[in-house]
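Q: Sequence first, predicted coordinates after that:
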Amino acid sequence: MPDVFEIEVEQEVEKGAEPDSSLEASKIFHGYRSLGFVCNQIPLVSRYMERRKECFLTTAIGATTHTYASSRLQLVNVGVPHDRDIQALAADKFHTYTAVGNLIYAWKRGSELQKTYSGEGSDIRLLLPFGYHLISVDADNALKVWDIDSTKLFLELSFGSTFRISVLLHPKTYVNKALLGSENGAFQLWNLRTAKQIHTFNGWGEPVTVLTQSPAVDVVGIGLANGDIYIHNIKFDETIMKFSQDWGYITSLAFRTDGSSIMISGSTEGHMAIWDLEERKIVTQVRDGHRGPVTGMQCLPNEPIMVTSSPDNALKMWIFDEADGGARQLKLREGHSKPPTYIRFHKTSNEMILSAGQDSTLRAFSTVADVLNRNLGQASWNRKKAKRVGIKHDPGKLPPITKFDSEPTRQKEWDSIAACHSGLSTVSTWHYDCSRMGDHKLRHQRFKQDATLKHAISTSVSLSACGNFVFIGTDSGHLDRFNIQSGIHRLTYSKLKADRAHNGAVVGVEADGVNHVVVSAGTDGDVCFWRFKKGEFLGSVTLNALPTGLLLHRESGLLAVSKENGYIDIIEIDTRKIVRRLNNNELVVDMTFSPDSRWLVVAGEKKSIRVWDLKNASLIDHFLVTKPLTSITFSPSGDFLATSHKEHLGIYLWSNKTLFSHVSLRPLECNYKPTFAALPGSRSEEQLKAEDKDIEDELGMDVETDEYKSPEQLKEDLITLSNLPTSRWKHLLHIDAIRKLHKPKVSAKPKDAPFFLPTTSGLNPTFILPENKKEDEESRLLQLGALQSMNPLAKRLLEAASENDLLDCIQFLKTLGPSAIDLEIRSLAPDLGGSDEIMLKFLSGIEFAMKKRTDFDVVQAYLSLFLKVHGSAISENSDLVEKVKSLLEQQSLDWIKLQKEINYSLCLLSFMKHSVL
C-alpha cells in the first residue's frame, strides 16, 4: 500500500443555482435550526392574549418571525420561512401579518397560514390592522385597504410625490379613520370607508417618523426627523406640548399605560429619553440602551414594563422601578450585532458553541435552549474602565477576534480560552465559567523592545490538553508558550542557531493530548515538530505548497494541513509522514474532524462543504450553501455540524443523518455536480419538543421489530449462568451468620413473683416448688420429630424418575428465596423428614446440571450449602461418598476449562494495558 493516497475529484458548480427544497443536497447533513437570531431593523409588534393573560412579542428575522412570551422573554414560536425577507410586520388580536414583495400573509399562532392578500403593485413597506380591514402602503406610495375575512381589495388610493406616506396610525375611537404621516412634513386624517380626506395637518416642515396613540383620546405623539416630539390634539388641531431630543431622528415613541404620565422616545444612537408629561420635562435618560437605533418600542398594557428592539440583534425588557423614574434592564435576548467570524464547540461540551464576532464580542450559544446562551463580553484593554464608560464608547476596545482555542479541563480554576485579535500581537484570555474576559494579556517582551517587531501580529493560538499552557504563533515566525494561570512566558520554540520557529508566519500550532509533542506550520512551507517540555526541534515535513491552516485530532494523532493550492495533507504525527493527500479544488476557509476522525469536513471559499472519508481517501459528500462560509465545527458527539456565514448574524446547525438512519457512504462520482442546500431556520423549544414527540410516535407506529430472545443455552459446551440476582444465592453459606447478626436483642426481664405463693396445708406450711418438666418437653419434641412431614423439595426428589425430573427440582429451588432454600436443603436430612435416598437423588440432580453446564453459579451455591449442612451424614454413607467423588471429578473438568479461558483473558488484558502500540 502506498504511503500517500491522493484523490482528485473534478466537479462543476452551476452559477446562479438556487436551493431545491424537493431534493436533499447533502446525503449526510440535514438543516436543523439556527442560533443567535433575535430581531432586525423591522419594529417589533405586540399582541395581548386575553385567554393567557399575557403579551406576546413578534420580531422579524430575515424571512421568518420569532414570537416571545413577555413573562420570561422566551422564544415560543418560529414562523414559517418566506421566499424572501420580510419587509413589514403587523399584528392584531387574531393574526400576525407579514409583507413579502407585493404579498401579505395572515398567520395564526405565528406559523399557521390563514389568508393571503395578493394584488398588482410594488413591494409593500407599511402595514396597519384596521378593525376588520388591513391597510398597506407600497413603494409606489399606493394605499390599499383589504377585507381581512374575504381577502378582497376594498379600497385603493394613490398619493403623489407631494405626500409620500411614511407612517400609519388608527386613532383610538376614530371609527373608519386613519392618520397618515408623510416624509414631506404634513399628515392627513382620512375616512377610508368613504375614501374622503377629512383634514390636513400642516405639520412642522420636517418628515414625520413616528405616530403613536397616547392613553388620552384625541391625543397622539408625533416624532420628527429633526428630533422634535409633539403631543398633538388631532380633534382641535392644537399642539399641547413639545419636546426636543438632542440625539436627532426620532425612531420610536411609546406611552406607559399603567397610570403614569410618562413617554419614552428612541433615537438612532441607541439612547432613550424618558419624559414626564405632567411636569413637561425630561425625567432621565437611558444611554446606550442598544448598540444601534431603537427601531421598536412597546409598553406592555397596565404594567411598568417596556420592550425595545434594534438592528443590533437584541430584544430588551425594561422595568420602571428606579427612584428617579428611570428604567433598568430586566430581561435580555441578544446575539451578535455583527456577523461571527470564528466558531468552535467548547471541546467536550456538546451543548455550547463558542462564537467570536466582528463586534469584538465572544459569546456561547446553547444548542438546547436559548435561555442558556452566554455573553462573555466585549474584548477590551481595561474591563473596569469599559464598564464605567459603557462598552459602546470604550476607548480601549480590542479589534475583533480572528482565532481562539478553548480547553475545559481547568475552567473552574482559571481562564480556559485564549484568543487572537486582528492586527495585534497580544492574545487575550477569557474565563468561561465566570462568563467574562480574563485578567491576562499575553505578549512577549520582544515585541515591545524590538522596533522591527513592533507591528507583529498573532496568527495562531492553541491550548494544551491539561489547560495550563497557551501556544502563540505570530507572523514574524516566533512560537511561544505561556502559562495561562499566571500569564508568565515559559518557553520559546526555535531551531538551532535561530531565534524563531519559522522563516515565515506561523499559520497554525497544535499540541498533542499527552503534552509530548507540539506541531506548528509556517509559510516557509514546513510543518515542524517540537518537544513539548524543553522545546527541542524534533524534525519537520516539507510541503509542496505553502500551508494556510492546521488542525489536529488529538485522539488519533492525525494532522490536517490545508495549502494554498487547494490540497489538504493528512500527516500522522507519530511517524511524521503524509498518509493522505486530498484535492479540495478550492482554497480552504476552515475544516473540522468528526469525533472518530473518520471524516474531514472542509468549508471552501466557493460556498461549498465537502466531506472526506480519510480511511478510504474518498469524497463521500459535497453540497453548496447560499452564503460564503467563515467557519465550521463538528460537535464532540458527532450529531451536529455548525456553520457561520458572511453577512449572517447567526450560527446554523446541521444534523448528522447517519446517526438516525442508514445512509450510503459510497464515494461520489468524478462528474458529480453539487446542489445548493437552504440554510436552516430557527425553531423554538416547544417546536423542537413537538417534533421529537412526532418522531417517537412515528417510529413507534410504523417500525415493527421482533424482540430478540436469547436461548437458555447458546451452546452445550459453554458454561451458562442463571441470570438470577446475586442476592438469591451468593450468601447461602453465611445465612446463619446473617440471621444472628440481624436477630433483635431482647433485654432479660426479671421474673415476676406470684401474688399468692402456693403452700402446703398443715400446721407447718411450706412453699410448693415447681415440677421439672424437662423430660416431658424432650419426649414431646421426639414425638413431633417422628411425625415430621416431607418438604416440597424432598417430595419432588422422591417422585423423580428421570434426569429431567431432577433438573426440575433445581429449577424449583431457583424460585425460592435464600431462607426458603436453606430450609429445603436442611430438610433433606433423615431426622427432618428426608432420607439417604433423597439426598442421593439431590446429588444426582446437581451432577446432571453440572454436565449440562446450565445454571452454573446457583448449582455451585446449592452444592456448597448441601456439603456444609450434611457433611457428617455423607461421611457415614458409602453411596453418598461415591457420589461426592463423582461430583469432584466433574467439578475439576469444568474448572480446568473455565480457568483456561479466564487466564487467557487476563493475559490479553495485561498485554494491551502495558504494551506500547
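A: Received, thanks. Numbers count the residues shown, from 1 in each chain.

Q: so where do the strands sit in the stretch 251-400 of the chain?
A: 262-267, 272-276, 281-286, 296-299, 305-310, 314-319, 328-334, 340-345, 352-357, 361-366, 374-378 (DSSP state E, counting those that start in this stretch).

Q: Tell me which of those sits nearest to Ser460.
A: strand 340-345 (12.0 Å; Cβ to Cβ). Backbone N, C-alpha and C define where each C-beta goes, glycine included.

Q: quick one: strands adjacent to that closest one?
A: Sheet pairing of strand 340-345 (DSSP bridges) gives strand 352-357 (antiparallel).

Q: How far does the partner strand sit from its chain's centre?
A: 13 Å (Cα atoms, centre = their mean, to the nearest Å).

Q: quick one: Ala60 from Ser462, how far?
A: 40 Å (Cβ to Cβ, to the nearest Å).

Q: what about the nearest residue to Gln245 once chain neighbours are set aside, how many residues close to it?
A: Once flanking residues are discounted, Gln245 sits nearest to Gly227: 4.2 Å by Cβ to Cβ, 6 or more residues apart in numbering. Per other Cβ atoms under 10 Å, the neighbour tally for Gly227 reads 20.

Q: Run a quick check on Gly227 versus Lys242, I expect a contact.
A: No: Gly227 is beyond contact range of Lys242, at 11.2 Å (criterion: Cβ atoms under 8 Å).

Q: which SS class is the nearest residue to Asp879 once chain neighbours are set aside?
A: Computed as Cβ to Cβ, 6+ apart, the closest residue to Asp879 that is not its neighbour in sequence is Leu840, at 5.8 Å. With DSSP: H, G, I helix; E, B strand; the rest coil as the basis, Leu840 sits in helix.

Q: Repeat that for the one 3 residues further on.
A: Secondary structure for Leu843, judged by three-state DSSP, is helix.

Q: Return the residues in contact with it.
A: Applying Cβ atoms under 8 Å, 6 or more residues apart in numbering, one finds that Leu843 lies in contact with Phe866, Leu880, Lys883, Val884, Leu887.

Q: same thing but at 6 Å, please
A: Lys883 (Cβ atoms under 6 Å, 6 or more residues apart in numbering).

Q: what about the residue nearest to Asp879, how many neighbours?
A: Should you count by other Cβ under 10 Å, Leu840 turns out to have 18 residues around it.

Q: Would you map out the domains in this protein?
A: 38-158, 341-542, 719-725+790-917 (automatic domain parsing).

Q: could those go into a markdown table alongside distance to Ile262?
A: Listed next are the domains of the chain as a markdown table, based on distance: least, Cβ to Cβ, whole Å:
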| stretch | distance to Ile262 |
| --- | --- |
| domain 38-158 | 18 |
| domain 341-542 | 24 |
| domain 719-725+790-917 | 71 |
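
Q: weakest of these by average pLDDT?
A: Lowest mean pLDDT within these: domain 719-725+790-917, a mean of 83.

Q: just to revisit the earlier point, which stretch among the strands of the stretch 251-400 of the chain comes nearest Ala603?
A: strand 340-345 (10.9 Å).

Q: got the CA positions of the closest one in CSV?
A: Coordinates of each C-alpha in strand 340-345 appear next as CSV, following Å, rounded to 0.1, in the frame of the first residue of the first chain:
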residue,chain,number,x,y,z
PRO,A,340,-19.5,35.9,13.6
THR,A,341,-16.0,35.1,12.2
TYR,A,342,-14.9,32.0,14.1
ILE,A,343,-16.9,29.3,15.9
ARG,A,344,-16.0,26.2,17.8
PHE,A,345,-17.8,23.7,20.1
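
Q: Next, the angle strand 361-366 makes with that strand.
A: With axes from the mean of the first three to the mean of the last three Cα atoms, to 10 degrees defining the directions, strand 340-345 sits at 40 degrees from strand 361-366.

Q: what's in contact with strand 340-345?
A: 353-358, 403, 630-631, 633, 635, 642, 644, 651.

Q: thinking in terms of the whole chain, how far from its middle is that strand?
A: 15 Å.

Q: Also stretch 577-584?
A: 33 Å.

Q: what mean pLDDT does that stretch have?
A: Rounded mean pLDDT across stretch 577-584 is 92.

Q: Kindly check the end-to-end length of stretch 808-827 for me.
A: Using Cα to Cα, to the nearest Å, the end-to-end distance of stretch 808-827 comes out at 18 Å.

Q: Against which helices or strands is the host helix or strand of Asn804 packed?
A: Here Asn804 is covered by helix 803-814, with elements defined by DSSP states H and E. Packing contacts for helix 803-814, counted by 3 or more Cβ pairs under 6 Å, 6 or more residues apart in numbering; DSSP states H and E, involve helix 836-852.

Q: just how off-centre is the helix it packs on within its chain?
A: 60 Å.

Q: Could you export it as CSV, CA atoms only?
A: The C-alpha coordinates for helix 836-852 follow below in CSV (Å, rounded to 0.1, in the frame of the first residue of the first chain):
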residue,chain,number,x,y,z
ASP,A,836,-30.5,-41.1,52.4
GLU,A,837,-32.2,-41.9,49.1
ILE,A,838,-33.5,-38.4,48.7
MET,A,839,-30.0,-36.9,49.5
LEU,A,840,-28.5,-39.2,46.8
LYS,A,841,-31.1,-38.0,44.3
PHE,A,842,-30.3,-34.4,45.1
LEU,A,843,-26.6,-35.0,44.4
SER,A,844,-27.5,-36.8,41.2
GLY,A,845,-29.5,-33.7,40.1
ILE,A,846,-26.5,-31.5,40.9
GLU,A,847,-24.2,-33.8,38.8
PHE,A,848,-26.6,-33.8,35.8
ALA,A,849,-26.8,-29.9,35.9
MET,A,850,-23.0,-29.7,36.0
LYS,A,851,-22.7,-32.0,33.0
LYS,A,852,-25.2,-29.8,31.1
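
Q: and that helix with helix 803-814, angle?
A: 90 degrees.

Q: Could you shift the numbering so residue one becomes 53, and keep it that way?
A: All right, first residue 53 from here; so that's helix 888-904.

Q: which intervals of the stretch 703-852 of the chain have sub-threshold pLDDT?
A: Residue ranges of the stretch 703-852 of the chain with pLDDT under 70: 734-762, 764, 766, 797-841.

Q: What separation do you get for Gln649 and Leu681?
A: Just to correct that, residue 649 is Ser rather than Gln. Counting by Cβ to Cβ - Ser649 and Leu681 are separated by 22 Å.

Q: er, Met324 I mean
A: Applying Cβ to Cβ to Met324 and Leu681 gives a distance of 37 Å.

Q: the more surrounded of those two?
A: Met324 (28 against 21).

Q: For burial, what's the neighbour tally of the nearest residue to the more buried one once chain neighbours are set aside?
A: Nearest non-adjacent residue to Met324, counting by Cβ to Cβ, 6+ apart: Val338, 4.3 Å away. Close neighbours of Val338, defined as other Cβ under 10 Å, add up to 23.

Q: Now do Val338 against Thr461, distance only.
A: 41 Å.

Q: Report the distance from the lengthiest helix in the chain to the chain centre.
A: For the chain, the longest helix by residue count, based on DSSP state H, is helix 930-966. In terms of Cα atoms, centre = their mean, the centre of helix 930-966 is found 51 Å from the chain centre.

Q: just stretch 849-863 next, same as before
A: Distance, centroid of stretch 849-863 to centroid of chain: 59 Å (Cα atoms, centre = their mean).
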